[in-house]
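Peer 1: sequence first, then the predicted structure:
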Amino acid sequence: MRLRKARRYILLYVLLIAIAIAIILPISWIVASSFTTRETVWKNVLPFSWRAFFPADFTLEGYQAIFEKDFGRALLNTFFLGAVTVVFGIAVGAMSGFAFARLKFRAKNFLFALVIFSFMIPGDLTIIPSFVLVRDLGWLSTWQGLIVPGLANGIIIFLFRQFFAEIPQDLIDAPRVDGATWLQVFTRIILPISKPALISAGVILFLGQWNNFFWPLLVAPDPELRVVQVAVSIIGIEQQVSLWEQMFASSTLAMLVPVLLILPFQRYYVGGILGSGLKG
Amino acid sequence: MFVRKALRLFGLSLLILLLAATAVTSQDAVELSWITDLPGAEEVAARFTEYNPHITVRVDKVSFREVFQQNQIRLGSGSSEPDIVSVDAPVVASYGFRGWLLPLDDAIPAEQVDGWVDALHTSSIYNGHLLAPPIWNSAQVLYYNTALMEAAGIAPPAPDERWTWEQVTEAAQALASDADSDGVNDVWGLQFGQYNRIYQLQPIPESLPTAVLGEDGLTVEGIIDSDDWVKAFTWFSDLHNTLNVSPQGGISSGELFRNSQLGIYVDGGWMINQFINNPLDFDWGVAPHPYWDGGEVTVPGDSWHLGVNPNSEHAEEAAAFVAFASSPEAGRIWFDFWGVWPAHEEMLAEFAEDPANAEFPNQAFVVAAGEAPYVTPRPLTVGYLEYEEILSDAFEDIRNGADVAETLSQAAGRIEREMDKYRE
């Protein structure tokens, strides 16, 4: 019995290690290549050798070059975009979620079904109508064209609604009896105990903007408003030739930020997702 | 009292003058938008603004693939931006069919139009109208690594010597080697720069010679699944699967060549500048594009073209820019910036005769320019995007060892179904 259990564990671990290696290897190669000269990037790749995981001639040229091409501005732009989206997106999502969870109003279920429907439709289908709307508002190549369409996020509203629905009714009834307004209940009682949901929503919104590529490219191709993912796609190509070390350097930085953000918050993040019922 | 009045009057006059100046400036100042991936676009735009100080061109750089996506969404939704439309040669017809390009028959001087290389002029026209002038000229050539050639005991082709594909295959077999016997070649014999795109593979069947599209611009059945196509792509399959001289997978051919891991490399003339500016650490050479023994010489080429968005609020200014960007003067800027040849026959002749280009490596530019008469435009069809995408899938399958006849037959069926929507 014990032997069978041990065998099952060994098999499981072998499988998990194999999957981890399959995920880590390409990323390690990208990181190592970002510290390599363009001439040596492919040297150890065909045929593939373990040397490919170590920079052949260590250099920071790739990083230096991307910052000379304004990659720093793209980083700052995306931080700004992410921060504004987090603040306003949480405000919209939390208040809507609270209304759906706790208030009584006409057509509530129908409206909530629309919210769920909004994130079930593939984004590709809505991109042209959204573009036409933003264009008609005169928001092409503006910050509001980048920010506003991302504020009312169906998943975030759903997450908050599920989280607030679990809060004991007494916590709400007591201050209401004492004469507190709904806004006071929401800001003084509900929000302080909603840390996991707030952090999860913040991380989801920030990563959504951080990884957004096509929408910013479409509505604001202007270099002044360029965001990280768009910069990564453009920076590594010059005169129709791939500048591999720059491509890998910009990709490494684009990967690093979400990792640094997720690590300190992952406990709340997973907790928030589980609490919302979004995950199995 | 008087002083105060005079000062007030002076202030008022100044304000009126300032307002008038602002009004005139804002009335005249025009900003054109242009979405492109082209190197040198900013330089061409800046020169245009020197001649037309009231017009500035905002260059929004995106990558190659995104130019098409941006065009489809923006032009398809009737947006007034971009004013200047970047159009790859094979999609001129497709954009023309959809009404996404303003006819420019009267906007470009006749002598400028007459001076373009014939194939480029043909690609600019749809339904009898000039829609998108060419801005430069490109041709594919054969690059070789002299040291690897010599080590394999092969005499490389002279700059004016056009090898046959049979000669190339023989040389590629001699070049390919697996010194450490690990089953993966250390040196590959031959690879194309764009090994899964019809743009570069079109001459393989076309040089036999055989057609690549029906005369109606839509039919492919009986053409891309014909015996000639099967023969052409069986050779392509053999390179990757039985002769083992060309690598499979998505590895960059240019980087393999740069690292002395590829003996013969077929790619655009634009690589010459790359190899000169960022020098290779071995001797290399350039020869004309190969053809089949007894077949016809056809060379992939073409250009990016520029058009004007019919919904542009500044169509006149945008047309003036397109006229400039396709002029000989702009042709010189494109060439100086990244070594692509101008679209004008007269300039090509001048460059070819220039003593500065008589010696290697500049001589390589002359080889590329000399290919202009053999450049065949890509299939002129409104369904080019579908045609290209389905064939790319088929070429990838063939590289990976799929049955050639069956793969091409399936591709023909898929393309026919896609073309049905244009048959009305």
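Peer 2: Everything's here; your move. Numbering: from 1, shown residues only, chains lettered A, B, ... in the order given.

Peer 1: tell me where the model's unsure across the chain.
Peer 2: Picked chain A for this. Applying pLDDT under 70 to chain A picks out residues A:1, A:46-47, A:238-241, A:269-280.

Peer 1: you looked at the wrong chain, it should be chain B
Peer 2: Looking at chain B by pLDDT under 70, you get B:1-27.

Peer 1: need the residue closest to the centroid of it.
Peer 2: In chain B, the C-alpha nearest the mean C-alpha coordinate belongs to B:Ser303, at 4.4 Å (CA atoms, centre = their mean).

Peer 1: what about that residue, distance to A:Asn212?
Peer 2: Using CB to CB, to the nearest Å, B:Ser303 is found at 33 Å from A:Asn212. Just so you know, the C-beta spots here come from the backbone N, C-alpha and C atoms, and that holds for glycine as well.

Peer 1: ok, B:Ser246 next?
Peer 2: 38 Å.

Peer 1: the two: who's more crowded?
Peer 2: B:Ser246 (24 against 20; other CB atoms under 10 Å in any protein chain shown).

Peer 1: surely the more buried one meets B:Leu190?
Peer 2: Yes - the pair B:Ser246 and B:Leu190 passes the contact test of CB atoms under 8 Å, sitting 5.6 Å apart.

Peer 1: so what's in contact with those two at the same time?
Peer 2: Overlap between the contact sets of B:Ser246 and B:Leu190, as judged by CB atoms under 8 Å, 6 or more residues apart in numbering or on different chains, is given by B:Ala172, B:Leu239.

Peer 1: the closest residue to the residue nearest to the centre of chain B other than its chain neighbours pairs with what?
Peer 2: Computed as CB to CB, 6 or more residues apart in numbering or on different chains, the closest residue to B:Ser303 that is not its neighbour in sequence is B:Pro134, at 4.1 Å. Judged by DSSP bridges, the bridge partners of B:Pro134 are B:His305.

Peer 1: then the one 4 residues further on?
Peer 2: In this entry, B:Ser138 is beta-bridged to B:Asp302, by DSSP bridges.

Peer 1: neighbours of it, how many?
Peer 2: When neighbours are defined as other CB under 10 Å, B:Ser138 has 24 of them.

Peer 1: what's the distance between it and chain A?
Peer 2: 10 Å (CB to the nearest CB, to the nearest Å).

Peer 1: what about the helices in the stretch 101-250 of chain A?
Peer 2: Secondary structure of the stretch 101-250 of chain A, counting by DSSP state H, counting those that start in this stretch: helices at A:108-120, A:123-136, A:143-147, A:154-165, A:169-177, A:182-184, A:195-210, A:214-219, A:228-235, A:244-276.

Peer 1: any chance of those in TSV, plus mean neighbour count?
Peer 2: Listed next are the helices of the stretch 101-250 of chain A as TSV, based on neighbours: other CB atoms under 10 Å in any protein chain shown:
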stretch	mean neighbour count
helix A:108-120	12
helix A:123-136	14
helix A:143-147	18
helix A:154-165	22
helix A:169-177	12
helix A:182-184	13
helix A:195-210	21
helix A:214-219	21
helix A:228-235	23
helix A:244-276	18
